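[1] Sharing a model prediction with you, sequence too.
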Amino acid sequence: MFRTILALLALLSAIPVEAQQHVNQQRLWGTLEKLSEFGRPEGKGFDAGVTRLGFSEADLAAREYVTGLMRDAGLTVRVDPAGNIFARREGAGPKLPALLFGSHIDSVPNGGNFDGDVGSMGAIEVMRALNDAKVRTRHPLEVVIWTNEEGHHFRKSLFGSTTAAGLMEPEVLKRTDDTGATVADWLRRYGQDPAKLQDARVAKGAYAAYIELHIEQGGILDERQIEIGVVEGIVGIQWRTCRARGFANHAGTTPMPGRRDAFLAAAQAALAVREEVRREGGREVGTVGYVKVEPNAGNIIPGMVEFIVELRDLDASIYERTWTRIEKRFAEIAAAEEVAIHCELVADERPALTTPAIRDTIREAARAAGYTTLDLPSGAGHDAQQVAHFAPIGMIFVPSRDGISHSPREYSAPDAVARGAETLYRTLLLLDARLDKKD
Ligand SMILES: [Zn+2]
């Protein structure tokens, strides 16, 4: 008898854990394909990518499709004054805060069908799978689709989540695009009253947690063949605009000694940035990606060069101390080249760390489903970083083929996408059981 039980147990453990997948991979992929039709280049297929800017006709039509899916899943749909879509499934618990999860469906121009879409369609699939399994959670569950995450239109990224975090300045409403339309005009098109924009603010504690499923947009998971990324946080970014001022003079008549060449100083400055970032030896990245040379003529010694130094890391103290060393190097270069170098901090976005307990829960959920995991930072910005102002956050990454994103060539395989949604499903159930316990 005992032997029979042992044999039975051995047999059970031999069944692949992935067979216990709750989400429906085909149904999920079908919604991704359907969503891709909104903003697809004329006469092209799924692999041609998408242009579905926030605040556009394509986005508006896609939102119709998405809210239809939500209603079909029995969810109660609500749109806030920033245009963010919330879809709620009630919980059994007495007045517990909801668990929030979702992403965005807007894209960059000539973008792919995975950035944002995977997290949005994945979230809706989780709701459908919970319905299929007749699961009743203690917490209410809410899917959210944030407005204009990419921010290409009106040059304001993370529009919806920034407004929800109460960090949006009201002046944004007056911003105009090339056609003369304002943000306020578009909010009206989305059925909202722009005067009420600030009412979209979400109070701290209104949600028990926020989980965002997203493609990695980098190549680490794909390269290492890891199925699920547990995001440690969204890196902080510092931008500095620097100006090197030398003296513009005739390139033919000015001898080499005594020249005050602003470009040569800037070129050395760029090399110094790379050296000092590499010296940290961690995951910090530093880039000089913008250079403007004046007068920018082949026969004139450059008199002025403007360049941007960008530093990113999950730990602000690392890029702060790197900058201290870079500044010292710049002073040395300036002295040697007889130019003046001045830098000004123009953007300083702090890192947004995910909540350690949520990270642990995501890792546990993924492993229980039989997936391999890796903890990693997000080098790209996400709505989650703004949600961190009012709720504990966690992020789940799935691999991006060849690390390509913001391109029609962006791709994550159907099974990879389903693994992400399954991890989200399991994470939500674990959090539902563990959070807000009266012990
Ligand atoms: Zn995104």
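    That came in fine, so what should we check first?
[2] Identify the residue nearest the residue positioned nearest the centre of the chain in space, chain neighbours excluded?
    In the chain, the residue lying closest to the centroid (C-alpha atoms, centre = their mean) is H382, at 2.6 Å. Excluding its sequence neighbours, the residue lying closest to H382 (C-beta to C-beta, 6 or more residues apart in numbering) is I234, at 5.7 Å. Where C-beta positions appear, they are placed from N, C-alpha and C, glycine not excepted.
[3] Wait, that neighbour touches P351, no?
    Yes. With contact defined as C-beta atoms under 8 Å, I234 reaches P351; the gap is 6.6 Å.
[4] out of those two, which sits in the busier spot?
    I234 (27 against 22; other C-beta atoms under 10 Å).
[5] So what does the more buried one look like in phi/psi?
    phi -100, psi 130 (degrees, to the nearest 10).
[6] For it, which residues are in contact?
    By C-beta atoms under 8 Å, 6 or more residues apart in numbering, the contact list for I234 reads P351, A352, P377, S378, A380, G381, H382, A384, Q385, M395.
[7] By neighbours, which of those residues wins?
    Most neighbours among the contacts of I234, by other C-beta under 10 Å: M395, with 28 neighbours.
[8] bridging residues for that residue?
    Judged by DSSP bridges, the bridge partners of M395 are E212.
[9] contacting residues for it?
    The contact partners of M395, by C-beta under 8 Å, 6+ apart, come to I211, E212, L213, H214, V231, I234, T354, S378, H382, A384.
[10] Can you identify each of the strands in the chain by residue range?
    According to DSSP state E, the chain carries its strands in the segments 76-79, 85-89, 98-104, 141-146, 207-215, 228-234, 236-245, 285-294, 304-313, 340-349, 352-353, 373-378, 393-398.
[11] Pull up the gap between the closest residue in space to F101 that isn't next to it in sequence and the ion, please.
    Counting by C-beta to C-beta, 6+ apart, the nearest residue to F101 once its immediate chain neighbours are dropped is I211, at 4.4 Å. Note on I211: its distance to the ion, by C-beta to the ion, to the nearest Å, is 15 Å.
[12] I'd guessed I211 sits against R359; true?
    No. Applying C-beta under 8 Å, one finds I211 not in contact with R359, separated by 10.8 Å.
[13] Tell me where the model's unsure across this structure.
    Where the chain drops to pLDDT under 70, the residues are 1-19, 439.
[14] what's near enough to touch the nearest residue to K292 once chain neighbours are set aside?
    Spatially, and ignoring its direct neighbours in sequence, K292 is nearest to E306 (4.4 Å; C-beta to C-beta, 6+ apart). E306 makes contacts with T241, C242, R243, Y290, V291, K292, E294, as judged by C-beta under 8 Å, 6+ apart.
[15] of the residues you listed, buried ones?
    The neighbour count (16 or more other C-beta atoms under 10 Å) marks C242, R243, E294 as buried among these.
[16] can you put these in JSON lines and add distance to S103?
    Putting the buried ones among the contacts of E306 into JSON lines (distance: C-beta to C-beta, whole Å) gives the following:
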{"residue": "C242", "distance to S103": "35"}
{"residue": "R243", "distance to S103": "39"}
{"residue": "E294", "distance to S103": "42"}
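[17] Can you measure across stretch 296-316, start residue to end residue?
    Across stretch 296-316, the terminal residues are separated by 35 Å (C-alpha to C-alpha, to the nearest Å).
[18] Tell me which residues touch Q26, please.
    By C-beta under 8 Å, 6+ apart, the contact set of Q26 is P414.
[19] give me the number of residues near R71?
    By other C-beta under 10 Å, the residues close to R71 number 12.
[20] any idea how far it is from the ion?
    Using C-beta to the ion, we find R71 at a distance of 24 Å from the ion.
[21] try I220
    17 Å.
[22] Quick check: that residue touching L376?
    Yes. Counting by C-beta under 8 Å, I220 sits close enough to L376 to count as a contact (5.8 Å).
[23] of the two, who's got more company?
    Between I220 and L376, L376 has the larger neighbour count (other C-beta under 10 Å), namely 21 against 17.
[24] Which strand residues bridge the more buried one?
    Here L376 sits in beta bridges with V231, going by DSSP bridges.
[25] For the ion, see how far away it is.
    Separation of L376 from the ion (C-beta to the ion): 16 Å.
[26] pretty sure that residue contacts E232?
    Yes. Between L376 and E232 there is a contact under C-beta under 8 Å: 6.5 Å.
[27] List the residues that contact P170.
    Counting by C-beta under 8 Å, 6+ apart, P170 has contacts L197, Q198.
[28] Try it again at 10 Å.
    When contacts are counted by C-beta atoms under 10 Å, 6 or more residues apart in numbering, P170 touches P194, A195, L197, Q198.
[29] quick one: which of the residues you listed is most hemmed in?
    Counting by other C-beta under 10 Å, L197 has the largest number of neighbours within the contacts of P170, with 21 neighbours.
[30] Compute the number of surrounding residues for the closest residue to it other than its chain neighbours.
    Of all residues not flanking L197 in the chain, P81 sits nearest, at 5.2 Å (C-beta to C-beta, 6+ apart). P81 has 19 neighbours, counted by other C-beta under 10 Å.
[31] phi, psi of P81?
    Torsion angles at P81 (phi, psi; degrees, to the nearest 10) stand at phi -60, psi -10.
[32] May I ask you to confirm that it is in contact with A184?
    No. If you go by C-beta atoms under 10 Å, P81 and A184 don't touch, sitting 11.1 Å apart.
[33] and for those two, which residues touch both?
    Contact with both P81 and A184 is made by residues Q192, D193, P194, A195, L197, according to C-beta under 10 Å, 6+ apart.
[34] contacting residues for I393?
    I393 sits next to 100, 207, 209-212, 231, 233-234, 352-355, 358-359, 382-387 when contact means C-beta under 10 Å, 6+ apart.
[35] Kindly recompute the last result at 7 Å.
    Taking C-beta atoms under 7 Å, 6 or more residues apart in numbering, we find I393 in contact with Y210, T354, T355, I358, A384, V387.
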